[in-house]
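Asker: Task: produce atomic coordinates for the following.
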Amino acid sequence: ESFESLSSLVDLLNQKDTWKIKLSGHTDNVGDAAKNLMLSKKRAEAVALYLTQRGISEDRIIVRFFGQSQPIADNDTDEGRQKNRRVEMKIVE
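Answerer: Numbering: from 1, shown residues only. A predicted model of the protein is given here:
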């Protein structure tokens, strides 16, 4: 489901070859907080790996992870938890 968006990001980063991005991994609050922190790290690293495997230089990517500490939606609903399981991308340079 995310591959189309990720491919578009690769295309954009190839066009804007001076841009650097920050990838921030997040989870919902289901389960152990320490495990969620590691899951958010793996999530962000998976996106970084996708980008680097398609030619984007590692030095253009910053990876951060926050576990369940920064929800954007209510964790009391399935829909809210789904929104909280995410990787955000931000242009930093």
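Asker: okay, which residue of this protein is out on the far edge from center?
Answerer: Asp76 (22.1 Å; Cα atoms, centre = their mean).
Asker: Surely it is in a strand?
Answerer: No: using DSSP: H, G, I helix; E, B strand; the rest coil, the assignment for Asp76 is coil, not a strand.
Asker: got the phi/psi numbers for it?
Answerer: Recorded main-chain torsions at Asp76 are phi -90, psi 0, according to degrees, to the nearest 10.
Asker: Please report the distance of it from Lys42.
Answerer: Distance, Asp76 to Lys42, by Cβ to Cβ, to the nearest Å: 25 Å. All C-beta spots, glycine's among them, are computed from the backbone N, C-alpha and C.
Asker: try Ser5
Answerer: Applying Cβ to Cβ to Ser5 and Lys42 gives a distance of 19 Å.
Asker: How about Ala33?
Answerer: When Ala33 is compared with Lys42 (using Cβ to Cβ), they lie 15 Å apart.
Asker: same thing with Ser24?
Answerer: 13 Å.
Asker: more crowded one of the two?
Answerer: Ser24 (19 against 11; other Cβ atoms under 10 Å).
Asker: That one bridge partners, please.
Answerer: Beta-bridge partners recorded for Ser24 (DSSP bridges): Arg64, Glu88.
Asker: which residues touch it?
Answerer: Ala44, Arg64, Phe65, Phe66, Gln70, Val87, Glu88, Met89, Lys90 (Cβ atoms under 8 Å, 6 or more residues apart in numbering).
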